[in-house]
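Engineer: Sharing a model prediction with you, sequence too.
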Amino acid sequence: MTTKSDRPRYPRAEALAVAEALKAQLTPVCERIEIAGSLRRGKPAVGDIELVCIPKPIDPFYSWGEYDQLDAALRQMISDGLLRKRRNKQGRFIGYGIQNKYLVHVPSGIGVDVFSTEARYWGMALVVRTGPKEFNIRMMARFRELGMRGHAYGGSTDIGGTELDCPDEEPVFRLLGWPYMLPEERT
């Protein structure tokens, strides 16, 4: 099994250039898009690029099986050879669905994780996908302590089971009873 330390690391400048180029290409097909993960936390070397997106819907009359405009654009980038679907060690494709798309930027070899969410869940998705893992574990434990449930894809609930809207990151921190933390402080 590949561990995180076994995966290649890429200098921040190289990964950020690829991330910003992809973000620019995908902005027209998204209501909102942000670079997340270790790049957003300002790490000097990263293992992959993470993008959190709210895709624009697609007209089903013109759809050829795409989920939304983001999916259509990514499929075109795959067809053009800029991206490819990621494979595991056994050569099987992994994680290309409605919410998660695990890809590789072909020219650089950098993994690209594209996560889709809805506007009402944006904040939770961005907090979770910014990470790091240890912060997310603490955050989800805090939600449980408070009798709530947090979820990376939204649908987080309060004590009574009512879904909570988190259109930005600040409401997530307020629910936790924590002061807002900048991405680089989340260690």
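Structural biologist: Happy to help now that I have it. Residues are numbered from 1 along each chain as shown.
Engineer: Got the confidence number for the nearest residue to T117 once chain neighbours are set aside?
Structural biologist: Spatial nearest neighbour of T117, chain neighbours left out: A125 (3.9 Å); criterion: Cβ to Cβ, 6 or more residues apart in numbering. The C-beta positions use only the backbone N, C-alpha and C, and glycine is treated the same way. The model reports A125 with a pLDDT of 94.
Engineer: Just checking the distance from stretch 69-86 to the centre of its chain.
Structural biologist: 16 Å (Cα atoms, centre = their mean, to the nearest Å).
Engineer: Check the gap between G177 and F143 for me.
Structural biologist: 11 Å (Cβ to Cβ, to the nearest Å).
Engineer: could you pull out the strands for the protein?
Structural biologist: Assigned by DSSP state E, the chain shows strands spanning 10-11, 30-35, 45-46, 48-55, 83-85, 100-105, 110-116.
Engineer: As CSV, those strands with mean neighbour count, distance to E170 and mean pLDDT would be great.
Structural biologist: Shown next, in CSV, are those (neighbours: other Cβ atoms under 10 Å; distance: least, Cβ to Cβ, whole Å; pLDDT from 0 to 100):
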stretch, mean neighbour count, distance to E170, mean pLDDT
strand 10-11, 16, 31, 97
strand 30-35, 18, 15, 97
strand 45-46, 18, 25, 97
strand 48-55, 24, 16, 97
strand 83-85, 17, 33, 97
strand 100-105, 20, 25, 96
strand 110-116, 21, 20, 97
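Engineer: Thanks a lot, see you next time.
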